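Asker: got a predicted structure here, sequence first:
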Amino acid sequence: MANRTMLIAASAAPGGENDSSFESMGLGEFAYDVPLIYKVLASVRPRLCHSAVFGAPALLAIAADAEGGRARLTALLNALPADAPSRGPIASALEFLSKPHYVYPGFLLEPAEVFDMSDTPLPAQMAALLDEIEALNLDSVAKVARGPLDDRHWATGCWSNVLFFVPRGSVEPPKDFNTRSLQVSTQEVLENAATFSTLDGLRRLTLSTDGSAEGLEAALRVLQDVPADFGLNISGEAESLPECLGELRRLTWLNVCDLGLKALPESIGNLRNVEIFSLARNPLDALPDGIGGMAKLEQLNLGQTAIAVLPESIQRLDRLEELDATKTRLEIWPEVISALPALSRLLLGETRIRALPENIGELRRLRSLNLAGLSLEHLPDALWTLRELAGLTLDDNPLGPGFEKDTWRQLTGLKHVSLRRCRLSTFPEELCELPKLVRIDVRDNRMAVVSECIRTKRLEWIGLQGNPHTYQQSDFNSKAVGL
């Protein structure tokens, strides 16, 4: 699994006057990108709004007119020749979107999870996406549609009412057990037990539980008979998961966020085909040693749990690319992290870690590192040897005077750097020498002067608000400047 852009049908934009009656239904999700077809559907009266998925005060979604979006996509289809490769995917999308229970007044485009992979501030990325959608030209889109078929443009096979994250106000559509995606309760699973052994097309299942351990265990035993590789999202309440979970050998991803989990079964290690495992926002304080058996695991999300120590078995996850331990109770750098050969994204922000080891330099494939809010006063020399690093976030660390002279020039792959509230009095001039650097955030520091080399450097964005400077936008060569 991966970071996704979601498209949602909605009764209105979240946060409006009638927010109490807000309703929504998932339409689809797409990994790592915002597909062109989503942009077309969101191109009629688009405007920034609050998210129906993520509870943030920022405007992290785009609301648009659904009827107009469907009409525009229909016009695109009608403009294509009969042999255009994209006609099939576009027609299938329109057929799905025209089903009565998916017809709502508005569309919500939710790209925040994909944008969060970048260190560029989310509001800046949302503004850029809105500009792109507003400028969308149907003739240009038709030219793309007449070219070779590219599933990334048309979200082929990704239309589904079940999303990895359930949007606020979500309404269930009529049950259809001949579907790629299902949203069912444990009771419905038990009532239709024989059906699940025939669902060879199932790809995603959201299972809601009422807190009954017996009901959850019985439902999971039924799901062992599903004859397909599928992902499972468990919602509701559960203090623990039964050992029989480990018998779901065909699971490819597992989401158990926000359940109130206090323990995981040792059998979790039997889920050897699971590629993404999300445990965020549970009062869980330990991981079982068995987790090291999840041989295909690529992403592990432990954010906002009570975990203070990672088991030694974690180092057996030689395919793990992303580890999110944000806001956990880790107090010491987990040595097992340095033994993960594939790790490319590491998030340890707002933990209790106060020092970094020299063996951080062993993470040769690391591309994104978030160490915000660790109260770090200095950084190890080995950090500057991570030449694959493209994004570095060091916000809210009292690095202060002297840090500005660290050897930034060695980070030749760095594209995005964030140094908010780091007590910097002068600008790190070595940043000027980084050939790939495009975004710098040094807001809320103590800098009165920014070196000429950075003012003349052509950046996508630089953030300087909260510093005692007197510069104007015209003093910079960057595309966008936050003053």
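Answerer: Nice, I can see it. The structure displayed is predicted, hence computed values, not measured ones.
Asker: need the helix or strand of this protein with the lowest average pLDDT.
Answerer: The weakest-scoring helix or strand in the chain, judged by mean pLDDT, DSSP states H and E, is strand 481-482 (a mean of 76).
Asker: I'd like to know which elements that strand is packed against.
Answerer: Secondary-structure packing of strand 481-482 (3 or more CB pairs under 8 Å, 6 or more residues apart in numbering; DSSP states H and E): strand 461-463. All C-beta spots, glycine's among them, are computed from the backbone N, C-alpha and C.
Asker: determine how far the strand it packs on lies from the middle of the whole chain.
Answerer: When distances are taken as CA atoms, centre = their mean, to the nearest Å, strand 461-463 is centred 23 Å away from the chain's centroid.
Asker: ok, and what's touching the least confident helix or strand of the chain?
Answerer: Outside strand 481-482, the residues that touch it by CB atoms under 8 Å, 6 or more residues apart in numbering are 443, 461, 462, 463, 464, 465, 473.
Asker: try it again with 6 Å
Answerer: With contact meaning CB atoms under 6 Å, 6 or more residues apart in numbering, strand 481-482 is reached by 462, 463, 465, 473.
Asker: now those residues: which count as buried?
Answerer: Neighbour-count burial (16 or more other CB atoms under 10 Å) is assigned, among the contacts of strand 481-482, to 462, 463.
Asker: burial count for residue 79?
Answerer: Residue 79 sits with 14 neighbouring residues when counted by other CB atoms under 10 Å.
Asker: er, residue 70 I mean
Answerer: Residues near residue 70, counting by other CB under 10 Å: 19.
Asker: looking at this, it is in a helix?
Answerer: Yes: under DSSP: H, G, I helix; E, B strand; the rest coil, residue 70 sits within a helix.
Asker: state the distance from the residue nearest to it when sequence neighbours are not counted to residue 450.
Answerer: Nearest residue to residue 70 in three dimensions, chain neighbours excluded: residue 97, at 5.8 Å (CB to CB, 6 or more residues apart in numbering). Distance from residue 97 to residue 450, counting by CB to CB, to the nearest Å: 49 Å.
Asker: what do you get for residue 28?
Answerer: From residue 28 over to residue 450 (counting by CB to CB), the distance is 44 Å.
Asker: out of these two, which sits in the more crowded spot?
Answerer: Neighbour totals were compared for residue 28 and residue 450, and residue 28 leads with 25 against 20 (other CB under 10 Å).
Asker: contact partners for the more buried one?
Answerer: Taking CB under 6 Å, 6+ apart as the contact definition, residue 28 lies against 7, 155, 158, 159, 160.
Asker: could you do residue 274 as well?
Answerer: 251, 254, 294.
Asker: which one (most neighbours) among the residues you listed?
Answerer: residue 294 (25 neighbours).
Asker: does residue 420 really touch residue 393, like I thought?
Answerer: No: contact criterion CB atoms under 6 Å: residue 420 and residue 393 do not qualify, at 8.7 Å.
Asker: any chance you could map the helices in this protein?
Answerer: For the chain, the helices defined by DSSP state H cover 36-41, 66-78, 87-97, 112-115, 122-134, 138-145, 151-154, 186-191, 193-196, 213-223, 452-456.
Asker: adding mean pLDDT and distance to residue 477, write those out as JSON lines.
Answerer: JSON lines is the format used below for those (pLDDT from 0 to 100; distance: least, CB to CB, whole Å):
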{"stretch": "helix 36-41", "mean pLDDT": "95", "distance to residue 477": "29"}
{"stretch": "helix 66-78", "mean pLDDT": "92", "distance to residue 477": "37"}
{"stretch": "helix 87-97", "mean pLDDT": "88", "distance to residue 477": "41"}
{"stretch": "helix 112-115", "mean pLDDT": "88", "distance to residue 477": "25"}
{"stretch": "helix 122-134", "mean pLDDT": "90", "distance to residue 477": "17"}
{"stretch": "helix 138-145", "mean pLDDT": "88", "distance to residue 477": "29"}
{"stretch": "helix 151-154", "mean pLDDT": "79", "distance to residue 477": "33"}
{"stretch": "helix 186-191", "mean pLDDT": "91", "distance to residue 477": "59"}
{"stretch": "helix 193-196", "mean pLDDT": "88", "distance to residue 477": "60"}
{"stretch": "helix 213-223", "mean pLDDT": "96", "distance to residue 477": "57"}
{"stretch": "helix 452-456", "mean pLDDT": "83", "distance to residue 477": "5"}
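Asker: among the contacts of residue 28, which are in strands?
Answerer: Among the contacts of residue 28, the residues falling in strands (DSSP state E) are residue 7.
Asker: who wins for neighbours among the contacts of residue 28?
Answerer: Within those, residue 7 tops the neighbour count with 27 neighbours, counted by other CB under 10 Å.
Asker: if I pick the spatially most central residue of the chain, what's in contact with it?
Answerer: Centrality entry for the chain: nearest residue to the mean C-alpha point is residue 113, 3.0 Å, by CA atoms, centre = their mean. By CB under 6 Å, 6+ apart, the contact list for residue 113 reads 3, 4.
Asker: that one and residue 79, how far apart?
Answerer: For residue 113, the distance to residue 79 (CB to CB) stands at 32 Å.
Asker: return the member of the contacts of residue 28 nearest to residue 86.
Answerer: residue 155 (11.2 Å; CB to CB).
Asker: just give the closest residue to that closest one, not the sequence neighbours.
Answerer: residue 35 (4.5 Å).
Asker: okay, now the domains of the chain?
Answerer: 4-154, 354-483 (automatic domain parsing).
Asker: pretty sure residue 125 is touching residue 115, no?
Answerer: Yes: Residue 125 is in contact with residue 115 according to CB under 6 Å; the separation is 4.4 Å.
Asker: which of those two has more neighbours?
Answerer: Counted by other CB under 10 Å, residue 125 and residue 115 do not tie: residue 115 has more neighbours, with 21 against 18.
Asker: quick one: that one from residue 44, how far?
Answerer: Residue 115 is 22 Å from residue 44, by CB to CB.
Asker: what does residue 314 give?
Answerer: Separation of residue 314 from residue 44 (CB to CB) stands at 48 Å.
Asker: looking at these two, which has the bigger crowd around it?
Answerer: Neighbours per residue (other CB under 10 Å) separate residue 314 from residue 44, with residue 314 holding more: 21 against 18.
Asker: that'll do, ta.
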